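Colleague: need coordinates for the below:
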Amino acid sequence: AEGRHVGLGIVSYVEGTGVGPYEGARVGIEPGGRINLVTGVGTQGQGHFTSFAQIVAEQLGVGADDVEVVTGDTARFGWGTGTFASRGAVVAGNACHAAALEVRQKVLALASSVLGAAEEDLDLADGLVRVVGSGESVSLGELAARANPLRGAVAPGTEPGLEATAYFGPERGVTASGVHAMILEVDPETAMIRILRYVVVHDCGRVINPMIVEGQIHGGVAHGIGNAFYEELVFDEGAQLQNASFRADHRDGPRRDALAAQPAGSEGRGRSRSDPGGRAVRPGDRGRARHRRVRDTRHTTESEPPVRADPRRA
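Modeller: Here you go, the predicted structure:
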């Protein structure tokens, strides 16, 4: 009734994540109570340091700040495959969990001997092992020192220190899924679009850190829209790339509503944040400016319309 050209774009998808072959991790407790975590998987800003620290901290009853994380350093951990295909949290995260769980068992076994209580009566919290219903406790640092005796002998079938190395190799990947939807308006004269609302629903499995997931979704949506409308490689007459820097990027974007479904178990998010963005635009704008003949559909970083129409056609 208002003469506006408004459309709805919806894209649903299924994404394979968490592929093998394996990742490994080593977790250890220092006599000062500090927790060390080393894993062979590399990182490029996905939040691995925070997420992996949370996984280990949950098992050992400490804060994430008490866990020092090292990733991708072959001098510290010689085995690893890499960060790709939405596999960091699924594969490396499970390796971190397995190593931390083994250290937890060692902690409980030693604390049971020191405190004279059954393992099932012990609780790990705040860097201490406490006897439930009793004031008796021992710190993780003290247990680590006891696990590395300077005199006597290490009992047969045991090993010194509170340390463990574990590997995780999934038999198959895990499948994530979701839906991206947007409401957009198209100017029929210029084919310029305006995204009025963008909603993402993604099955993440168990979310380790909601803030990281939300940030990945927001950044991925901006990336996908940028791929579709605001990117162009500009070369000069000598074939030199003129816009290889992010200094001239496009910072406008829609408000994004991120809804993350959370059943049990972790699943990857990966490219599912960015890939559907451009595709979701197409159903919404298809036919909205079809009375114009499109002459140029190149991606651009400039403020000009990403799809230019021929004004000679009515």
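Colleague: rounded mean pLDDT for stretch 13-20, please.
Modeller: Averaged over stretch 13-20, pLDDT sits at 87.
Colleague: and it, which residues are buried?
Modeller: For stretch 13-20, the buried set under the neighbour-count rule, 16 or more other CB atoms under 10 Å, comprises 15, 17-20. For every residue, glycine as well, the C-beta is placed using N, CA and C.
Colleague: output those residues as CSV; include the columns distance to residue 147 and secondary structure.
Modeller: Putting those into CSV (distance: CB to CB, whole Å; DSSP: H, G, I helix; E, B strand; the rest coil) gives the following:
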residue, distance to residue 147, secondary structure
15, 43, strand
17, 37, strand
18, 34, coil
19, 36, coil
20, 33, coil
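Colleague: include distance to residue 217 when you put these into JSON lines, please.
Modeller: Converted to JSON lines, the buried residues of stretch 13-20 look like this (distance: CB to CB, whole Å):
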{"residue": "15", "distance to residue 217": "13"}
{"residue": "17", "distance to residue 217": "15"}
{"residue": "18", "distance to residue 217": "18"}
{"residue": "19", "distance to residue 217": "21"}
{"residue": "20", "distance to residue 217": "26"}
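Colleague: show me which helix or strand of the chain is least confident by mean pLDDT.
Modeller: Between all helices and strands in the chain, the lowest mean by mean pLDDT, DSSP states H and E belongs to strand 308-310, at a mean of 35.
Colleague: report the contact partners of the residue nearest the centre of the chain.
Modeller: Geometric centre of the chain, nearest residue: residue 46, 5.2 Å, by CA atoms, centre = their mean. Contact partners of residue 46, counting by CB atoms under 8 Å, 6 or more residues apart in numbering, are 83, 88, 212, 216.
Colleague: tell me the pLDDT at it?
Modeller: For residue 46, the pLDDT comes out at 86.
Colleague: just say helix, strand or coil for it.
Modeller: Here residue 46 is recorded as coil under DSSP: H, G, I helix; E, B strand; the rest coil.
Colleague: I'd like the distance between it and residue 168.
Modeller: 17 Å (CB to CB, to the nearest Å).
Colleague: could you do residue 91 as well?
Modeller: As judged by CB to CB, residue 91 and residue 168 stand 6 Å apart.
Colleague: what's the answer for residue 186, then?
Modeller: In this view, residue 186 and residue 168 are 48 Å apart by CB to CB.
Colleague: hang on, the earlier thing: which one among the buried residues of stretch 13-20 gets closest to residue 114?
Modeller: Closest approach between the buried residues of stretch 13-20 and residue 114, by CB to CB: residue 18, at 38.9 Å.
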